[in-house]
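A.B. asks: Fold the stuff below for me.
(chains A and B)
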Protein chains: 2
Amino acid sequence: MDLNAQEKKAGFFQRLKEFPRKLKDGVTKRMKNVKKFGKDDPRRIIHSMKVGVALTLVSLLYYVRALYISFGVTGMWAILTVVVVFEFTVGGTLSKGLNRGFATLIAGALGVGAVHLARFFGHQGEPIVLGILVFSLGGAATFSRFFPRIKHRYDYGALIFILTFSFVAISGYRTDEILIMAYQRLSTILIGGTICILVSIFICPVWAGEDLHKMIANNINKLAKYLEGFESEYFQPEKISKETNSCVREYKSILTSKSTEDTLANLARWEPGHGRFRLRHPWKKYLKIAGLVRQCAFHFEILNGYVLSNDKAPQEFDSKFQEPITIMNREVGEALKAMAKSIKTMSKDSACVNSHIDNSKKAIVNLRIALKSSYPDTEKDLLEIIPGVTMASILIEVVNCVEKISEAVEEFSGLAHFKETLDPKLSAEIGQHQLLHRGSVKPVPDGDNEKEDNSSSSHVLIPVHDEEQPPTATAKNVLGAEKTRVDVV
Amino acid sequence: MDLNAQEKKAGFFQRLKEFPRKLKDGVTKRMKNVKKFGKDDPRRIIHSMKVGVALTLVSLLYYVRALYISFGVTGMWAILTVVVVFEFTVGGTLSKGLNRGFATLIAGALGVGAVHLARFFGHQGEPIVLGILVFSLGGAATFSRFFPRIKHRYDYGALIFILTFSFVAISGYRTDEILIMAYQRLSTILIGGTICILVSIFICPVWAGEDLHKMIANNINKLAKYLEGFESEYFQPEKISKETNSCVREYKSILTSKSTEDTLANLARWEPGHGRFRLRHPWKKYLKIAGLVRQCAFHFEILNGYVLSNDKAPQEFDSKFQEPITIMNREVGEALKAMAKSIKTMSKDSACVNSHIDNSKKAIVNLRIALKSSYPDTEKDLLEIIPGVTMASILIEVVNCVEKISEAVEEFSGLAHFKETLDPKLSAEIGQHQLLHRGSVKPVPDGDNEKEDNSSSSHVLIPVHDEEQPPTATAKNVLGAEKTRVDVV
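C.D. replies: Numbering: from 1, shown residues only, chains lettered A, B, ... in the order given. A predicted model of the protein is given here:
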């Protein structure tokens, strides 16, 4: 018993001794994490400092005597406005600032009207009338916040409307300087809002629209990465490193990115024209492309089941498929990369995209031939090859998906005024080539694609038409992969 | 010219005459829409009235003389708190109210400390020290809002921290009654927050947890509906009505419901125990089930491509499949319905679920036999049957998906203390049956399932083991549908 107590005591002192070191380690580790988090996206640090700057500016209303004399304690509304309105993106700040400004103006006016109306009912009736008005207008505005249209764009405005109206109407009962109060509140809110908007736009602005634009291009790139990694994952799973694996799985984030995209598109519409984006940039079209991209990612998710499965078709069967599938995936991947690049640089490159898609359709024809030649010898074989057949069939659907994405990107590039990269002279030459060159085409060697992309002329592949099956018809009917309806989710 | 002018004039008067009618029609139509919107979820109307009640209660701080004398104009903080803190769900209100309360307390204390510290630096130094403190603490708190952990649970608290600290520190420069101010602000915020929380909990509460619970059960039901409608959609597309179609497409909402589920689970954790939900209800487990349900919906999305395609396998081939596929889908659908019901009623029913899943595995065996017998006669046939084979292969994956959902529900039902519905005596009997009964089993006739479900004993199907292939092994290896890894997205 005595020994036990001594041991406990020793343990306690040991822990006490170790405590400072442990604390230091913990703090260092945490500090490192915070540093890394800031480095991952330095805009976070800049944003935090911008908030500090805005707060410092607004506090001048208190520190500078001349300003304090004119605004007094109502300066606090300006502080409140800065803290609440300042958002990470310009669109967010503008949306909140404008909502707050206009809602305060309207609700303030209505509030003053309500107070004057209530005064007709005498001192006894005044609080009752005011109470009824606050109850009914507050309730109605709350109800309006449930409507999706209002919720998406004016939710904050409705909140501030309820706030200001209740505030003016209720305090109108106790003060006679209601107009002065409303005026002061409005002017300080305008000051706070203006500071926010100016700091947000003029100090390292973060545009929601640009984020959305980059996000969509990156998502298309993620699809391309999956297709690039697919061959080695499916046919040589033993060679895969962990890094490639995580790179291939990047597409998973697309599966659930809808709400982020919706929010960004919503905020982007509040932003003025900036950089390459005009005022009426077709933000909604991004959501259409994003929906199709997600549809493609759904296909990958199902494919994944077959890729990771241990119960694949026999190797000798799969190996017959390998070549056409590899070509098909590579071409579709190249098409996706070209689209991502076209969006990133905001320059049209449909000739390149279409040629890759046409090549992938040719690969489908070869896949079909390979499938025919691998006609199973026995009944048992038919069952065995089913995973392989399913995989191929879904991959063909992916080609259709990508074709739809390319159509959406094409439409979008027109609406968003992408610049033309193709020399008109060259384009005429391609037309001639198309007439002359009817036969098979050697696929582009798979090399450093980024480099190739830089010289667009070297990259223009000639779409080649098969005499018997024109490429559009080819892709749609091969293997029963009729163009299916893809709903934008 | 003169005639033209006359015509224009007549047209103008015509429009002027029609205007009141058109206005009336427009208003009536809009009113009807609003009414319908309220009827769709009457809780919206109730919530709006609750906000009105809370506003009326808080305005008593102004109307009642005794209260006004003690709080004065700081009563406005109470109004502000009510408007900002009152949320649709109890969890939302509690999360905002507690965040606001604690953040105000901490930031108020720090603010008072900052003012006292700054006074050491004299009248010249005071605003500089205060400015530095506001800048750095405001920036740090803003930065902390980017960390996912803080963002999810304490985002509002961080905002209020910045607000209160800036507010107290800045106005401390101009007033000496800083402690009184901080006290008044805290007490009025507590009054406003308490009113919100009480109204939210005691007048027709809307629990985020209950919404999440119902949502998951409904989503599982939506999966069942798709499988129910699948047969007629695929095999008799000409018979489909528009209504069935929209019912079958309900699963689409699951594809993008992740953010709603995350939000609800987040809010549910703030709620106290209520009704059937204890305080430490395993809310996170809902997200696991929801992820698996979504995975299943991804499969449907791909299946859809084959269902809506005009390029199906030839009818005589598909018809060989029809029976086992119909049985498989029905059994899986029944299993899903049983799970949804088990979640809704919070009672264990795994025997029923498992028996349906086992039946669907038996159907997979039959599907395999049907596939063997439909061995293609020519090479051309092999290409033609590919859409049908792919469809069957994906459906088998769906069975695996549903098995995973059932495992997750089983685990969850233990953690959430679902009540046992099965009489222990009956369960012993089943054990005996299992030993005796080794052979084929007649599938349950497809009838009014809701009715059948009510008497659980009539519903207990006896899992039957195939002599040659034990059911677990069967389901996993048939058609190469090895249990695949399903990532919770």
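
A.B. asks: which intervals of the stretch 301-450 of chain A have sub-threshold pLDDT?
C.D. replies: A:310, A:312-313, A:374-382, A:421-450 (pLDDT under 70).

A.B. asks: near chain B, which residues of the stretch 151-300 of chain A?
C.D. replies: Neighbours of chain B within the stretch 151-300 of chain A, by Cβ under 8 Å from any Cβ of the partner chain: A:159, A:162-163, A:166-167, A:170-171, A:173-174, A:252, A:255-256, A:258-259, A:295, A:298-299. (Glycine included, C-beta is placed from N, CA and C.)

A.B. asks: Can you show me the strands along chain A?
C.D. replies: A:347-348, A:419-420 (DSSP state E).

A.B. asks: which residues touch A:Ser257?
C.D. replies: By Cβ atoms under 8 Å, 6 or more residues apart in numbering or on different chains, the contact list for A:Ser257 reads A:Met215, A:Asn219, A:Ala290, A:Arg294.

A.B. asks: sorry, back to before: pick the most deeply packed of the strands of chain A.
C.D. replies: Counting by mean count of other Cβ atoms under 10 Å in any protein chain shown, strand A:347-348 has the highest mean neighbour count of these, with a mean of 17.

A.B. asks: Just checking: what are the partner strands of that one?
C.D. replies: In the sheet, strand A:347-348 lines up against strand A:419-420 (parallel) (DSSP bridges).

A.B. asks: Next, count neighbours for A:Ile153.
C.D. replies: For residue A:153 the amino acid is Arg, not Ile. For A:Arg153, the neighbour count with other Cβ atoms under 10 Å in any protein chain shown is 14.

A.B. asks: brain fart, A:Leu179
C.D. replies: A:Leu179: 14 neighbours (other Cβ under 10 Å).

A.B. asks: Name the nearest residue to it, ignoring sequence neighbours.
C.D. replies: In space, and not counting its chain neighbours, A:Leu179 is closest to A:Val112: 6.3 Å by Cβ to Cβ, 6 or more residues apart in numbering or on different chains.

A.B. asks: how near is that neighbour to A:Ala290?
C.D. replies: Here the criterion is Cβ to Cβ, to the nearest Å. By it, A:Val112 lies 45 Å from A:Ala290.

A.B. asks: Give me the pLDDT value at the residue nearest to A:Ile106 when sequence neighbours are not counted.
C.D. replies: In this structure, A:Ile106 finds its nearest non-sequential neighbour in A:Phe161, 6.6 Å apart by Cβ to Cβ, 6+ apart. At A:Phe161, the pLDDT value in this model is 94.

A.B. asks: Would you agree A:Phe161 is in contact with A:Leu105?
C.D. replies: No. With contact defined as Cβ atoms under 8 Å, A:Phe161 and A:Leu105 do not form a contacting pair (9.9 Å).

A.B. asks: which of the two has more neighbours?
C.D. replies: Legend: neighbour count by other Cβ under 10 Å for A:Phe161 and A:Leu105, higher for A:Phe161 (30 against 16).

A.B. asks: show me the contacts for the more buried one.
C.D. replies: Counting by Cβ under 8 Å, 6+ apart, A:Phe161 makes contact with A:Ala103, A:Ile106, A:Ala107, A:Ala141.

A.B. asks: same thing but at 10 Å, please
C.D. replies: Applying Cβ atoms under 10 Å, 6 or more residues apart in numbering or on different chains to A:Phe161 gives the contacts A:99-100, A:102-108, A:110-111, A:137-138, A:140-142, A:144-145, A:154, B:83.

A.B. asks: try A:Arg43
C.D. replies: Contacts of A:Arg43 by Cβ under 10 Å, 6+ apart are A:Lys50, A:Phe88, A:Thr89, A:Cys204, A:Pro205, A:Val206, A:Asp211, B:Phe146.

A.B. asks: out of those residues, what pair is the most spread apart?
C.D. replies: Between any two of the contacts of A:Arg43, the greatest separation by Cβ to Cβ is 17.4 Å, found for A:Pro205 and B:Phe146.

A.B. asks: residue closest to the middle of chain A?
C.D. replies: A:Glu261 (3.7 Å; Cα atoms, centre = their mean).

A.B. asks: and the longest helix seen in chain A, which residues are buried?
C.D. replies: As assigned by DSSP state H, the longest helix anywhere in chain A is helix A:2-40. Neighbour-count burial for helix A:2-40, counted by 16 or more other Cβ atoms under 10 Å in any protein chain shown, picks out A:Gly38.

A.B. asks: do stretch A:292-306 as well
C.D. replies: Buried positions in stretch A:292-306, judged by neighbour count with 16+ other Cβ under 10 Å: A:292-306.

A.B. asks: Check stretch A:204-214 too.
C.D. replies: By 16+ other Cβ under 10 Å, the buried positions in stretch A:204-214 come out as A:Pro205, A:Val206, A:Trp207, A:Ala208, A:Gly209, A:Glu210, A:Asp211, A:Leu212, A:His213.

A.B. asks: Reformat these as TSV; add pLDDT.
C.D. replies: Output for the buried residues of stretch A:204-214, formatted as TSV (pLDDT from 0 to 100):
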residue	pLDDT
A:Pro205	91
A:Val206	91
A:Trp207	92
A:Ala208	92
A:Gly209	91
A:Glu210	91
A:Asp211	92
A:Leu212	93
A:His213	92
